[in-house]
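Asker: Fold the following for me, if possible:
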Amino acid sequence: MESSSFIPFSLILCFTVLSFRSNGVEARRLSSISNLISENLFNSFFLHKDDNACPARNFYTYDSFIQAARCFPKFGKRGDSATRKREIAAFLAQISHETTGGWATAPDGPYAWGLCYKEEIKPPSNYCDANNTQWPCFPGKSYHGRGPIQISWNYNYGPAGRALGFDGLRNPEIVANNSLIAFKTALWFWMTPRMPKPSCHNVMVGKYIPTAAELAANQTAGYGLVTNIINGGLECGIPNDARVNDRIGFFQRYAGLFNVDTGPNLDCANQKTF
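Answerer: Prediction:
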């Protein structure tokens with residue numbers, strides 16, 4: 001991942017936003033995403049996230065999601081109403097796959113079990129890239145998947161922490177211990193472009209314009225390209241991949257609850273990876 005040493009203005013806003021909440025106009029502007037997804041709708045997406053069977057029970061709250069979204073003023077706020085809802089549905093679908101506790105015959109179906117986990121179970125390693133000197137691993141720390149997007153590796157924890165105001169290298173555990181920070185890391189990953197990858201946000205709101213090389217790689221805009229950005233190296237370019245299909249299943253359910261279409265190019269089976 002390509003990283004940067006500056007804190008984007010949107011996140012400076014995140015650090016100071018609470019001081020403006022007394023201003024009614026500003027508060028309504030910053031909370032407008034809640035006009036698109038109410039707490040009742042949010043809970044209808046995640047019917048079982050607080051079941052006893054889910055290790056993340058009571059961790060992923062609606063309030064944390066809305067507060068985290070306020071730190072990213074462009075999230076869910078670009079384009080017409082359908083585009084905005086589609087982006088939110090796509091984001092929630094991707095994090096649902098990353099944290100799913102569902103199975104084929106699960107109550108209410110496999111796509112009602114998102115946000116069931118807050119960290120990777122039995123990680124195969126500590127996800128330390130020792131060759132990355134910009135974001136060096138801290139002794140004894142594991143950078144396995146945590147939070148809604150299952151952020152992994154030291155070269156992701158480091159820049160995420162710098163952007164969001166926590167020490168991602170020395171205290172990666174906070175992503176699984178603080179609901180607000182957990183959602184912020186997922187939204188940071190969603191909103192941040194990393195060359196040569198565009199941001200998931202730009203793809204979903206129509207701001208992505210593929211180059212000739214990207215067109216040749218069949219990297220056309222749509223939900224499938226978002227999957228390619230998130231985990232294309234393992235899942236894309238494979239016909240009928242079960243993981244990709246699971247991501248699509250969540251998206252189709254959530255788009256339906258929003259009463260919007262999913263748009264084209266749902267899978268990445270024919271895409272080359274970045």
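
Asker: going forward, measure contacts and count neighbours with C-alpha atoms only.
Answerer: OK.

Asker: do you know how far the closest residue to residue 254 other than its chain neighbours is from residue 168?
Answerer: The shortest distance from residue 254 to any non-neighbouring residue, by C-alpha to C-alpha, 6 or more residues apart in numbering, is to residue 89 (5.4 Å). Residue 89 sits 27 Å away from residue 168, going by C-alpha to C-alpha, to the nearest Å.

Asker: Ok, residue 237 next?
Answerer: 32 Å.

Asker: Of the two, which one has the most company?
Answerer: Neighbours per residue (other C-alpha atoms under 10 Å) separate residue 237 from residue 168, with residue 168 holding more: 25 against 17.

Asker: so that one touches residue 155, yeah?
Answerer: No: when contacts are counted by C-alpha atoms under 8 Å, residue 168 is not listed as touching residue 155 (9.5 Å).

Asker: any chance you could map the helices in the stretch 1-150 of the chain?
Answerer: Assigned by DSSP state H, counting those that start in this stretch, the helices in the stretch 1-150 of the chain fall at 9-16, 24-30, 33-36, 39-45, 62-69, 81-98.

Asker: Reformat these as JSON lines; add distance to residue 208, mean pLDDT and mean neighbour count.
Answerer: Listed next are the helices of the stretch 1-150 of the chain as JSON lines, based on distance: least, C-alpha to C-alpha, whole Å; pLDDT from 0 to 100; neighbours: other C-alpha atoms under 10 Å:
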{"stretch": "helix 9-16", "distance to residue 208": "20", "mean pLDDT": "46", "mean neighbour count": "15"}
{"stretch": "helix 24-30", "distance to residue 208": "25", "mean pLDDT": "43", "mean neighbour count": "13"}
{"stretch": "helix 33-36", "distance to residue 208": "22", "mean pLDDT": "94", "mean neighbour count": "17"}
{"stretch": "helix 39-45", "distance to residue 208": "27", "mean pLDDT": "97", "mean neighbour count": "16"}
{"stretch": "helix 62-69", "distance to residue 208": "21", "mean pLDDT": "98", "mean neighbour count": "19"}
{"stretch": "helix 81-98", "distance to residue 208": "13", "mean pLDDT": "98", "mean neighbour count": "24"}
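
Asker: wait, which of the ones you listed is closest to residue 197?
Answerer: Judged by C-alpha to C-alpha, the one of the helices of the stretch 1-150 of the chain that comes nearest to residue 197 is helix 81-98, at 16.6 Å.
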